[in-house]
Structures are given as C-alpha cells and as structure tokens.
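Novice: Requesting a structural model of the entry that follows:
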Amino acid sequence: MNKTKIDWCDMSWNPLTGCLHDCQYCYARKIANRFGSEWFPNTKCVELEKPVMVPNGNDKDRINPYPHMFNPTFHKYRLDEPSRKTKGVTIFVCSMADLFGEWVPNEWIKEVFEACEKAPQHRYLFLTKNPNRYIDLYEKKALPYKENIWLGTTITKPSDEFVFFKDTPYKSFISIEPILEPFGELAKGEMPQWIIVGAETGNRKNKVIPEKEWILSIKEQCRVAEVPLFMKESLRKLMGQDFVQEFPW
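Specialist: As a prediction, the model looks like this:
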C-alpha cells in the first residue's frame with residue numbers, strides 16, 4: 001500500500017493493476033506506461049505469485065510495479081498488505097484498475113474481499129465503471145457486506161449507469177470525475193450516501209473545462225438531499241468560496 005495524493009482517501013492499494021476500458025482521459029494508463037519496463041502483449045488477465053524484479057544498477061534489483069504494463073494483472077503477493085498496517089486508514093482499492101471489469105475473474109474479486117475481511121481496522125472504498133457487476137455478484141450472494149466497505153461508481157456524464165443498492169445495508173457513492181458535461185437532475189430524486197466530483201486534469205488535447213454552474217447544481221441537490229459532497233482539489237480555483245470537501249463518516 002502507498003500513501004496517495006488522492007484527497008478523499010489516505011492510501012491506495014493495488015492487488016490488481018491494469019484495465020481494458022480504454023478511457024481517453026485515464027491517468028492510470030499513463031502511470032503504468034511510464035513506470036512499467038517490460039511489455040507482454042496480451043489482453044488476458046495475468047496472475048503473479050511474486051514480484052517481477054528488474055535491474056536497478058549497483059547490483060540491486062527493484063520491483064517492477066507494472067510488468068504487464070496496463071494489461072490486467074493480479075499481484076497476489078500484495079493481498080496481505082492491509083493486514084500489515086495496524087492503524088486504521090481509508091483505502092482506495094485498485095486505484096490503478098477496475099476490479100469489477102467484465103474481464104476480471106470472480107475468484108480474484110473474492111480473494112480481494114477476503115483480504116479486506118482479514119484487516120477490518122480499515123475503511124475500503126471501491127470504484128468501478130461497470131456497476132452491473134455489483135448487482136450480478138449481489139444476486140449470486142457473492143458480494144460480502146461489511147460495515148467498513150463502500151461501493152462506488154465512476155461516472156462522467158448523465159447517461160452513465162450507476163448503482164445505489166436501495167433498501168439494502170450496502171454503502172454506495174458516486175465519483176463524477178472527470179465531469180464532462182452538466183448533469184441536471186441527479187439520480188431522478190434518488191441519491192447515494194456520498195458524492196465526489198472533480199475536473200479533468202492533465203494536458204489532453206480535448207480536455208474538458210467544467211463550468212461553475214455544473215458544480216453548483218450538484219452542490220444544491222446534495223444540500224437538499226443532505227448528502228455529503230466532496231470537491232476534488234482540481235475544482236478549488238473554479239469554485240472559490242463555494243468549494244467544499246465533506247465526508248460521510
């Protein structure tokens with residue numbers, strides 16, 4: 001696990017890296033391509049029982065964090081990392097992957113949740129662009145409920161699908177990042193327990209710059225529904241005195 005610059009959590013934990021969504025604005029792909037030093041061309045999921053080491057000069061080796069670049073890779077040797085940290089923190093699980101992508105085997109998801117269960121002192125936040133996988137696992141009774149687990153959906157525009165687990169004990173949230181267009185009425189009257197919103201970062205050619213009115217509309221709806229709203233640092237300058245960072249815990 002590593003400390004992170006992501007401002008809504010304390011640490012990131014990546015037992016899985018790589019993704020097949022191919023989002024143009026993806027920061028994770030850029031990181032994997034920058035720091036991965038080998039390339040194994042395939043689109044299948046790869047399991048690693050131990051780290052891949054590469055020469056680092058001075059007769060020392062270092063761990064290659066992305067030996068398959070951005071191809072989905074299960075780093076099984078990382079599963080015990082939460083258990084090594086005794087003080088409870090908020091962990092973003094798989095910041096460099098989508099654990100619930102259609103290509104990810106159910107067994108991998110099961111092993112990650114089992115690792116979470118072995119370290120209950122932490123709060124675990126999951127995010128996916130494929131929320132229907134949540135529903136599929138829930139209906140198969142393969143999505144464990146724990147008080148310290150939050151299930152989130154990443155969306156960028158109003159037409160994206162998301163899941164709130166209405167009438168269940170599951171905690172759900174949405175991360176609108178990057179926000180690519182105005183959202184209008186959120187969730188048609190239904191709201192999750194937390195909303196995160198952020199602007200696109202980086203220097204992509206067609207980078208979208210949000211308008212303040214887009215964010216103010218979301219803020220007002222959160223106030224009416226009494227839902228905490230967390231604006232990422234990428235919005236601080238745009239929002240000025242209207243900038244807020246709220247947590248649901």
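Novice: can we go C-alpha only for contacts and neighbour counts from here?
Specialist: OK.
Novice: so what's Lys118 up against?
Specialist: Ser83 (C-alpha atoms under 8 Å, 6 or more residues apart in numbering).
Novice: how much space between it and Phe126?
Specialist: 17 Å (C-alpha to C-alpha, to the nearest Å).
Novice: buried stuff in stretch 151-171?
Specialist: Neighbour counts using 16 or more other C-alpha atoms under 10 Å place 151-156, 158, 162-165, 170-171 of stretch 151-171 among the buried residues.
Novice: pLDDT averaged over that stretch, what's the number?
Specialist: Averaging pLDDT along stretch 151-171 gives 86.
Novice: chain center to it: distance?
Specialist: Centre-to-centre, stretch 151-171 and its host chain are 13 Å apart (C-alpha atoms, centre = their mean, to the nearest Å).
Novice: Then stretch 144-157?
Specialist: That offset, for stretch 144-157, works out to 9 Å (C-alpha atoms, centre = their mean).
Novice: List of residues touching it?
Specialist: By C-alpha under 8 Å, 6+ apart, stretch 144-157 touches 113, 120, 122-131, 138, 161-163, 169-183.
Novice: In helices only, show me those residues.
Specialist: Cross-referencing the contacts of stretch 144-157 against helices under DSSP state H gives 113, 138.
Novice: Mark which of the contacts of stretch 144-157 are buried, thanks.
Specialist: Buried members of the contacts of stretch 144-157, counted by 16+ other C-alpha under 10 Å: 113, 120, 122-131, 162-163, 170-180, 182-183.
Novice: ok, Val54 - contacts?
Specialist: Applying C-alpha under 8 Å, 6+ apart, we find Val54 in contact with 61-64.
Novice: Strands - which of those land there?
Specialist: Taking DSSP state E, the ones among the contacts of Val54 that sit in strands are 61-63.
Novice: Adding pLDDT, write those out as JSON lines.
Specialist: JSON lines is the format used below for the ones in strands among the contacts of Val54 (pLDDT from 0 to 100):
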{"residue": "Asp61", "pLDDT": "78"}
{"residue": "Arg62", "pLDDT": "75"}
{"residue": "Ile63", "pLDDT": "75"}
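Novice: what's the closest of those to Val46?
Specialist: Taking C-alpha to C-alpha as the measure, Val46 lies nearest Ile63 of the ones in strands among the contacts of Val54, at 16.6 Å.
Novice: Okay, and which of the contacts of stretch 144-157 map to strands?
Specialist: Short answer: these in strands (DSSP E) are 123-128, 171-176.
Novice: re earlier: ok, so of the buried residues of stretch 151-171, who is nearest Arg78?
Specialist: Among the buried residues of stretch 151-171, Leu151 lies closest to Arg78 (C-alpha to C-alpha), at 20.9 Å.
Novice: Show me what the closest one is bridged to.
Specialist: Judged by DSSP bridges, the bridge partners of Leu151 are Phe126, Ser172.
Novice: how close does it get to Asn203?
Specialist: Going from Leu151 to Asn203 by C-alpha to C-alpha gives 30 Å.
Novice: Could you do Ile195 as well?
Specialist: Separation of Ile195 from Asn203 (C-alpha to C-alpha): 25 Å.
Novice: what do you get for Glu81?
Specialist: Taking C-alpha to C-alpha as the measure, Glu81 falls 33 Å from Asn203.
Novice: the more surrounded of these two?
Specialist: A count of neighbours by other C-alpha atoms under 10 Å puts Glu81 above the other of Glu81 and Asn203, at 16 against 8.
Novice: low pLDDT regions in this protein?
Specialist: 23-44, 57-59, 70, 187-189 (pLDDT under 70).
Novice: can you do 80?
Specialist: Residues of the chain meeting the criterion pLDDT under 80: 19-45, 52-70, 163-167, 187-190, 202-205.
Novice: Work out for me the element Ile109 sits within.
Specialist: Assigned by DSSP states H and E, Ile109 falls within helix 106-117.
Novice: elements contacting that helix?
Specialist: Counting contacts by 3 or more C-alpha pairs under 8 Å, 6 or more residues apart in numbering; DSSP states H and E, helix 106-117 is packed against helix 81-84.
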